[in-house]
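Visitor: structure, please.
(2 chains)
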Protein chains: 2
Amino acid sequence: MPDAEHPGTVLTDEELRTLDAHWRAANYLAAGQIYLMSNPLLTEPLRPEHIKPRLLGHWGTSPGLNLVYTHLNRVIKARDLNALCIWGPGHGGPSVFAGSWLEGSYSETYPDVTRDAEGMAKLFKQFSFPGGVPSHVAPDVPGSIHEGGELGYSLAHAYGAAFDNPDLVVACVIGDGEAETGPLAASWHSNKFLDPVHDGAVLPILHLNGYKIANPTVLARLPEPELDELLRGYGHEPIHVTSDDPLQVHRAMAEAFDAALDRIAELQRTAREDEGAERPHWPVIVLRTPKGWTGPAEVDGEPVAGTWRSHQVPLAGVRENPEHLRQLEAWLKSYRPEELFGADGRPRADVLACVPSGARRLGATPHANGGLLVRGLPIPSLDDFAVPVEKPGSALHEPTRVLGALLRQIMKDTATRRDFRLVGPDETASNRLQAVLDASGKAWQAQVLQVDEHLDRHGRVMEVLSEHLCQGWLEGYLLTGRHGLFSCYEAFVHIVDSMVNQHIKWLKTSRRLPWRAPIASLNYLLTSHVWRQDHNGFSHQDPGFVDHVLNKSPEVVRVYLPPDANTLLSVADHALRSRDYVNVIVAGKQPCFDWLSLDQARAHCARGAGIWEWAGTENGAEPDVVLACAGDVPTQEVLAAAQLLRRHLPELAVRVVNVVDMARLMPREEHPHGMSDFEYDGLFTADKPVIFAYHGYPWLIHRLAYRRTGHRNLHVRGYKEAGTTTTPFDMVVRNDLDRYRLVMDVIDRVPGLAVRAAAVRQQMADARTRHEAWIRDHGTDMPEVADWTWAS
Amino acid sequence: MPDAEHPGTVLTDEELRTLDAHWRAANYLAAGQIYLMSNPLLTEPLRPEHIKPRLLGHWGTSPGLNLVYTHLNRVIKARDLNALCIWGPGHGGPSVFAGSWLEGSYSETYPDVTRDAEGMAKLFKQFSFPGGVPSHVAPDVPGSIHEGGELGYSLAHAYGAAFDNPDLVVACVIGDGEAETGPLAASWHSNKFLDPVHDGAVLPILHLNGYKIANPTVLARLPEPELDELLRGYGHEPIHVTSDDPLQVHRAMAEAFDAALDRIAELQRTAREDEGAERPHWPVIVLRTPKGWTGPAEVDGEPVAGTWRSHQVPLAGVRENPEHLRQLEAWLKSYRPEELFGADGRPRADVLACVPSGARRLGATPHANGGLLVRGLPIPSLDDFAVPVEKPGSALHEPTRVLGALLRQIMKDTATRRDFRLVGPDETASNRLQAVLDASGKAWQAQVLQVDEHLDRHGRVMEVLSEHLCQGWLEGYLLTGRHGLFSCYEAFVHIVDSMVNQHIKWLKTSRRLPWRAPIASLNYLLTSHVWRQDHNGFSHQDPGFVDHVLNKSPEVVRVYLPPDANTLLSVADHALRSRDYVNVIVAGKQPCFDWLSLDQARAHCARGAGIWEWAGTENGAEPDVVLACAGDVPTQEVLAAAQLLRRHLPELAVRVVNVVDMARLMPREEHPHGMSDFEYDGLFTADKPVIFAYHGYPWLIHRLAYRRTGHRNLHVRGYKEAGTTTTPFDMVVRNDLDRYRLVMDVIDRVPGLAVRAAAVRQQMADARTRHEAWIRDHGTDMPEVADWTWAS
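Guide: Residues are numbered from 1 along each chain as shown, chains lettered A, B, ... in the order given. Okay, the predicted model is just below:
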C-alpha cells in the first residue's frame, strides 16, 4: 500500500544486517534441534555421536516461521505493539522454541534451559526426545495458545483471541497445507464477525511454501490474480511478499508488516471514531518463500530445498552416512554461528537487536497464558432465576429457557468487562436461550436489513452455521483468559469431535505445566437432543458425544445430565465457575416437569447422584429393585414407571436413583468424581436388580460401572439407533425406554413376584400396543401419555 | 454469458406458462405436505380437521428448490441430459418429494402413493408423520444420494458423483446456510481435482435466500462484486439469477441454465479434444430469491415471506387459529390448484410439459441408486501379494506396503473401467501405499512444476489436506456405484466422525428399502496409528474412532485389527468385496513380524478370532491363563510376554488368542458377527484370568464383553491417554501394555503360582526400570527390546 505519500518502509543497512542475524540464528537453532545431541556450537568438527539417534522434526516450514518471528519482533519493538502470534504450521515447533529461546522468554519459563551454550545443548537435545518436548507448537511452548498437531484451526483461534481485546494484534501464520482444510476455509469469513471497535485485529499471514507432505498445495498453484480474487472475496486486501533472496525478503517483509499495521490502525481509527463506518477489508500478507529454504539444495542428487522433500528431515541417516554428515555440517555452518553466538553460547547483540522486551515478547505475552488474565465470572445468585417447586412434578418449564435468563444476567453484568460470549450454530433462539439477546445482540458486521432482529456490531452472542468456527472462536477466547458457553444441537457437536480431542489434550498437558495458569472451562450445552427431534428425525439423533468425551483424560472431562430446570441452573453455575475442564451438559429445551427445588437441586448436583425418596416406595429396608435414570426424558419415564409400580404392585419396594454427574459411576481410581464401591453399593445395592434408563447409548453405563459388585444385576435401557421423525413418546417406545417397558423389565427381573405381576405385565404390554395403534391413526401421543402428570 | 452472437435463451409464452405451472404445482404439493391430513385438492372449504395435528417441516427453502427442479426438468428434456441433482438444503424434503411425485418416479418407487388424488393424500399425510417419511432429503427419496440433515457435504458429494462419470452433469444446490460450514467452504476447490476428460461436470447452484434458522447468511450479505470475486477465486464463473418476480425468474433461470450447460459442453469439448488445455473455470449459478417465496407475506402483523420467519412453518397453530386457517387456504389457493390438477388429482398436461421421461427423470436416474450400476471389483488372487511365512515371526514387513501392491494391481485392472479410487489427506506415501502410484497418478488439475512427481490430470489417487473432502468425495463416488478406499491417520479420522455417522445412517435406512440396491462398502484403512507416532506425539494419538463406530447400527459397521501383513491382505480383500458396510481396518505401516501365512491368515480372518496354538503352552487341558490381543503392537507384546512366560514359568499353561474382527466379542444377539457364549467360552474360558492387550481404549473390550460368563476375570490393557513423542516401546510402557507388565499381570492374576513367580515378577519390574534409565540416556529403545525376535 505504499504510495507517493507513504513511501513505505526502508530498512537501514544496520537494520537489515541485524534482522538477518536474528533470522539466521533462529534457522541455526531450528536445525540444531532436529539434529544435534551435543556440540551445539560446532566448536568441534561434527561427528556421528553428536547426532541424535532418531531424527524427528519438520524443517520445511521452519525458515518461513523464523522469518515471521524475526519481523514480528521488529514491528513489536518499533511500535510497542501488543501482539500475539498463532503459529498454524504447527510442526514448526523448532522455530517457536528458537524464537522464544533467543528472546529469553524460554529460559524464564524453563530456568534449566539457560540462554547459553549449556542451555542450547538442552534445547537441542530435549526436542522430539523421549521425555522432552514435542515437535509441535504445543502447551509446552511459551507464547502459544495453538496446538499444531491437527491442522485447520489457527485462524479461528486467532479470531477468538482478538474478540474483546481491542488493543491486541493477533498475527496468524496459515500454512498452505492447512488452508485446504474445511475449518480453515470457513474461518476466513470470521472477519464478518469482528468488531473493529471492541475487538482487536487479526493479521493473517498466508505462508505459501508450495508443498504439504508429498504434494503441491492448491493455493500455491493458483495464478496470483486468482488467489487475489479469492482473498478479496474473503474480505481481505492482499499484500504480497515473494522472494527466495534473503535481503530482498527482509525488505519486503518489513514493508509488508508496516503497511499492514498502518492499515489496521487506520481501519480501527475510522471505526472507533465513526461508528457508522463500513465493514473493513483487513489486510492479509501472502508470504511466498521456498519450503526448507536455506537447507540443503540437493541431497543424493535430488532437489530438496524448495520441494516437498524438505517437509521433515532433509538429510536422513546422518550418523551412518558420512556425506550427509558433511552436508549437515556445511548447512549449519552456512548460518555462520560464530557471528551469532558468543563462545559462551549467548546470542550476540546483533542477533538481539530486533527483540522486544518484557511482556511484549511473543513468548511472554500474558494473552498466551490466559489464566493470568482471567477474572471470576460475575454469576448472580441462582435464587433469582430458579423456578419455585412446591412439590415435585407440579409444573413444567423449559430448562434451557430458564437458563437463558441466567445467561442474560451474566451477559448484562459483563457488558463493560466484555469477557463472556455465547456461541452457537444459529441456534440460540432455537435452543430457547433467546433471553440473552435482551442483554447483547448477535455479532454481525455485514449488511443489515430493516427486517433483521438482534444484529449488533458490538454483540457478544455469536451465531454462524459452522460448529467448527463456534468451537475455534471459543477456544481462542478461553485460552486468552475469558469465559463462554457453546450451545449446540446434541447430534451435531460430533462435527467438532476432533477439535474437542485436541482441546482436552491441551488442557491435560497445560495442567501439568506449573507456569500455565488455569483458564475457564470449555462449557457445552447440548440440547435439541436425541429424544426430541420431532421435526428432524434420524439424522438429528445421536447421543454419542458423551461416549466420545468420556474416553478422554478424566482430569479434564465432566459430563452432566441435569433432569430439570433447577438442576440445569445448578450445573451451569458450577461449570461456569470451574477451570481447566471440558464440561458437557446435556439438557432439554422442551417443557419438562420440575422435580427439585433450587435447594434440593444444589444438594443433588453436589452429590452428583442420589436417591429420590419421594419417588420410590422404600420403607427403610433394602429395596426390591432400583430404578435409575440419567437425563430428562429417562427421568420422566422412570418416574412414570415408579408411579405405575406404586399403583399396580404397591408391595414392591422401589428405589429411584437419579444420576446427574456421569463420572460418579466410574471407580474412584479412574475419575476424580468416581464413587467408592461403598457409596455405589449404598445407592444401587450390591445384589438387587437395577433397571437403568439412560439418555444415550446403553453400553456406556456398563463401561462406567463394569467393576461394581452389582454389575451383573444392572440392566440398561437407552438409545439404540431406533430413530425417526416421530412423537416424543413413540421415540422412547421404539428404543424400549418407555415407562411400560421399564415396568415390564422390573417384573422380569425381580424374583418371586406373585401371579399378580403377570397380569400387570400384560397391562403394560397392552398399553404399548394401544400406543402403536393410536399413533398410526392420530400421529400424536395418546392422552394417557401426553397428559400424564406425577402424583405420588 | 449471452452476447451478440449468443443471444441467450428466449422462452415462448407457452414454455413460460407450463414451466410456471410445474413450479406452482410443486409449491402447492410442498405446502400441502407440511399442512394437510386430508382434503388434498381443497375440494371442500378448509377445516381444522384437515390440518395435521403436528405441523413440522421447512417451507423456507422449498420454492427455490422447486424452481431448480422445474428448470432442470426443462434442460434435461431439451438436451436429453444425463443429470443428477444434489439437494444441499436438505430440509427441503417436501420439494424433492413433490418433484418426484409430479414426474411419476415416486409412484413407480412406492406404488401405493399413486399419481392421483388418493396418492396425493398419502403423500401429504406421510410427510413428517410417525411411521411416514422424514422431512429431509433422505434415502427414502427417489433420486437422492445426499442426506440433508447435517449440512456441509453437498458439493463434495456432487464431485464424488461426477468423478469417472464423463457424461454426467451433477447439479448441486447449495444453501447459503450450508455455505458457512467448513466442509462446504473447502469443497469449492474440488474443481482443482476434476478431470474434464474422464469426469463429468458439477454445476453448483448457490441459492441465496438470505437466511438460515434465525439469522441472515454471510454470503447473501456480501456486496455482489465481493461475492463474485470469491467465486472467481474459487475458480468459477458466476451467472446471476436475482428476482422476486416469477415470470422474470423463469426467463432468467432458463437463460442461466442454458448458458451454464453450453459453457460446460464447450469446456469439456476443449479438454477432450485438446489434452493440453488449461484448467477450466466452470460456471456457477447464483440464485437469489426470497426465503419462503409465494408463502404468506405477513402473519400476525410480522413480515414472513422473504425473512427467516419462513424457515419452518410460516403459519402455526392452524387448527386453533381461524385466521391462520383462512390464510393457509388463501395461500394454497393462490397456486390455483384447479388449473394444475384434474378432478382425479392427476397433474394436468401443462404441469407435465417440462418433465423428461424414463431414466432421465431426476427421481429415476440410476446414478442415484448406485447399487444398480456397481460391478464387482476385479480383485486379483492374494497369492501373488502375500508374504511367505515359513514359521511365525521369522521376518518383518510393513503391512500397508504389502497392501499397496494389491491396490496397485486393482488400480491397474480398473484403468479402463475407472471405478476405483483411493483417497487420503496427503498421506498415500506417508502411509506406505505408494506402489499404487505406479498404476495411477494423483488427480491434479492445477499448475505442475518440473520437480513434481506423480501428478496426473487423469489420476485416480486423490490427495487433499482435508479429511472432509476425502470422505465426501468417496461417499459420492460409492453412492453412485463405484469402489474406493480411504487411507487416513488414525487420530485424524475423528475429523469426519459426524460424516461417518450420517453415512452409516444412510446405509442403515437404505438396507431397509427394497428398491435401493446394495452399494460398495465405505472402507477405511487407519494407519500411522496411536502406537507409532514417534515423530508426532500426543496430538496424533487417538484410537477412539473404533469406539465411535461401534456405537452405530451393527448391521452396517465392521471393525478389523489385522495383526500382520497377510491378515491385512485378507481383511482388505473381504472389505473391498463387501456391500453396504462401513469397514474400519486399523493396521500399522511400520515393520511388523509376519505371524501367519496367507492360508493361515485367511482361516484366522474368517473365524475373526482364534487361538494361536504355536504361541501358547497349552497341553490339551484348560489353560491357566489366556493372553488375548487385538492390533499389531499389542499382538507383538503378547507374543513377547508369552515367550517370557515360556522361559521363566514353563509350567504355566498359557493360551494366546488373537482377535481380528472386534464385533466377534459382542453377543450374537447384538451384532451379526457376535459369538455365541459357547464359542466365547471355548476361546476365552469361563473362569480363567484373561489378560487382554488391546490397541485402543481398554474399556471398549469391557463394553463388548460385559455379558460374558468370564467377564469378571477379564483384565484389559490398552491406550489410556499416556501419549507423547517417544519411542515405540516407551509408548507401550507408559500405557502399561508392554510385555513385562503383561507378564506381571499374569502373575498377579493366576492363583497359586509358586514362590518362583515372585522372582520372575521382580525381573519384569527390573526390566521396566532398566528401560526407563536407558531411554533417558539414549533416546532409543534398549537392545533387548529393539532386537527382540520371536522364537518358540
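Visitor: so what's the closest residue to residue A:711 other than its chain neighbours up against?
Guide: Excluding the flanking residues, the one nearest residue A:711 by Cβ to Cβ, 6 or more residues apart in numbering or on different chains is residue A:705, at 5.7 Å. Yep, even glycine has a C-beta here, placed from its N, CA and C like the rest. Taking Cβ atoms under 8 Å, 6 or more residues apart in numbering or on different chains, we find residue A:705 in contact with A:665, A:666, A:680, A:711, A:714.
Visitor: quick check: longest helix of chain A.
Guide: helix A:246-273 (DSSP state H).
Visitor: related to what we said a few turns ago, now the two most distant members of the contacts of residue A:705.
Guide: Farthest-apart pair in those is A:666 and A:714; separation 14.0 Å (Cβ to Cβ).
Visitor: return the set of buried residues in the host helix or strand of residue A:647.
Guide: Assigned by DSSP states H and E, residue A:647 belongs to helix A:632-648. Residues of helix A:632-648 classed as buried by neighbour count (16 or more other Cβ atoms under 10 Å in any protein chain shown): A:632-646, A:648.
Visitor: how about stretch A:392-403?
Guide: Result for stretch A:392-403 [16+ other Cβ under 10 Å]: buried residues A:392, A:393, A:397, A:398, A:399, A:400, A:401, A:402, A:403.
Visitor: now, which of these lie within strands?
Guide: Applying DSSP state E to these, the entries found in strands are residue A:397.
Visitor: can I get the buried residues of stretch A:392-403 in JSON lines including pLDDT and distance to residue A:563?
Guide: Shown next, in JSON lines, are those (pLDDT from 0 to 100; distance: Cβ to Cβ, whole Å):
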{"residue": "A:392", "pLDDT": "96", "distance to residue A:563": "11"}
{"residue": "A:393", "pLDDT": "95", "distance to residue A:563": "11"}
{"residue": "A:397", "pLDDT": "97", "distance to residue A:563": "12"}
{"residue": "A:398", "pLDDT": "97", "distance to residue A:563": "14"}
{"residue": "A:399", "pLDDT": "97", "distance to residue A:563": "9"}
{"residue": "A:400", "pLDDT": "97", "distance to residue A:563": "13"}
{"residue": "A:401", "pLDDT": "97", "distance to residue A:563": "16"}
{"residue": "A:402", "pLDDT": "97", "distance to residue A:563": "13"}
{"residue": "A:403", "pLDDT": "98", "distance to residue A:563": "14"}
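Visitor: ok, so of the buried residues of stretch A:392-403, who is nearest residue B:213?
Guide: Nearest to residue B:213, judged by Cβ to Cβ, of those is residue A:400 at 15.2 Å.
Visitor: tell me the strands beside whatever helix or strand comes next after the helix holding residue A:647, with direction?
Guide: Downstream of helix A:632-648, the first helix or strand assigned by DSSP H and E is strand A:654-659. Sheet pairing for strand A:654-659, assigned by DSSP bridges, gives strand A:609-611 (antiparallel), strand A:625-630 (parallel).
Visitor: residue A:733 is in contact with residue A:768, correct?
Guide: Yes. With contact defined as Cβ atoms under 8 Å, residue A:768 reaches residue A:733; the gap is 6.2 Å.
Visitor: which of those two has more residues huddled nearby?
Guide: Neighbours per residue, other Cβ atoms under 10 Å in any protein chain shown: of residue A:768 and residue A:733, the larger number sits with residue A:733, 24 against 15.
Visitor: ok, that one to residue B:551 distance?
Guide: For residue A:733, the distance to residue B:551 equals 21 Å [Cβ to Cβ, to the nearest Å].
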